[in-house]
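Novice: Predicted model follows, preceded by the sequence.
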Amino acid sequence: MFKRKPFFIVFEGVEGCGKSYQSKKLYKYLKKKNLPVLLTREPGGTKSAELIRNLILKDYFFKSKKDKFHKYTDTLLYLAARNEHIQNKIKPALLNNKIVICDRFTDSTIAYQVFGKKVDKKFIDNIHKRILDKIKPNITFILKVKSNIALKRLQKRNNKNRYDKLGKKFYNTAQKAFIKIGKNKKNYFIFDSSLDSPSLEKKIFKIVYKRIMK
């Protein structure tokens, strides 16, 4: 029996790993069970955070490096979007005992900004202490994918964004970072999502359903 309580689920991974697909599939599974579930994403999730998202994405299409944000400006924009998202969507939903599924969260900042762009982790940790308000995922799914499979998936996308243009080397660095973050941690599950198989979504649903029905 489901005892209504807050539950926070996050999907992480590089572009083309299928995290958005799997988060939507999980959302549909839980909705069919008539559970109180909310699906959201980062950067974005609220009207104000989506405005910041658009600003960040637009920046990466400028050809001149002089026109691009400095890496710390870029990081601060991500964190500003996260603060809006937490205050106006995630926190209220959890206080209302909802199940929240988020496509990306804090681990993406560590993988991309710290490991990928060499932003000081202490800088990010200090801001997170202020804005997270002790909110952390109950479960994080990290999806790893072979680079050639990820590339094929990205090529099929109609709407490209900044993340689709970061390059193979950057993605390899980020993926290794995600795996390092989640390795040997009880609330993390690392799955290979290279195969387009319905078995993975069923596996994810079983893990979540078992946890929320405790």
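Specialist: Happy to help now that I have it.

Novice: What ranges in this structure fall below the confidence cut-off?
Specialist: Low-confidence segments of the chain (pLDDT under 70): 1-3, 59-67, 153, 155-167.

Novice: try 80
Specialist: 1-4, 58-68, 147-168, 196-197, 214 (pLDDT under 80).

Novice: Quick one: the strands in it, in order.
Specialist: 7-12, 37-41, 99-103, 139-144, 188-192 (DSSP state E).

Novice: so can I have TSV of those strands showing mean neighbour count and distance to K89?
Specialist: The C-beta positions use only the backbone N, C-alpha and C, and glycine is treated the same way. As requested, these are exported to TSV (neighbours: other C-beta atoms under 10 Å; distance: least, C-beta to C-beta, whole Å):
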stretch	mean neighbour count	distance to K89
strand 7-12	24	12
strand 37-41	19	6
strand 99-103	24	8
strand 139-144	23	18
strand 188-192	17	23
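
Novice: Compare the ones you listed and give me the one nearest Y171.
Specialist: Y171 lies closest to strand 139-144 among these, at 10.8 Å (C-beta to C-beta).

Novice: contact partners of the closest one?
Specialist: 8-13, 17-19, 22, 105, 107, 175, 178-179, 181-182, 187-194, 204, 207-208, 211 (C-beta atoms under 8 Å, 6 or more residues apart in numbering).

Novice: next one: stretch 122-135
Specialist: 8, 72, 75-76, 79, 82-83, 86, 90-91, 94, 106, 109-110, 113-114.
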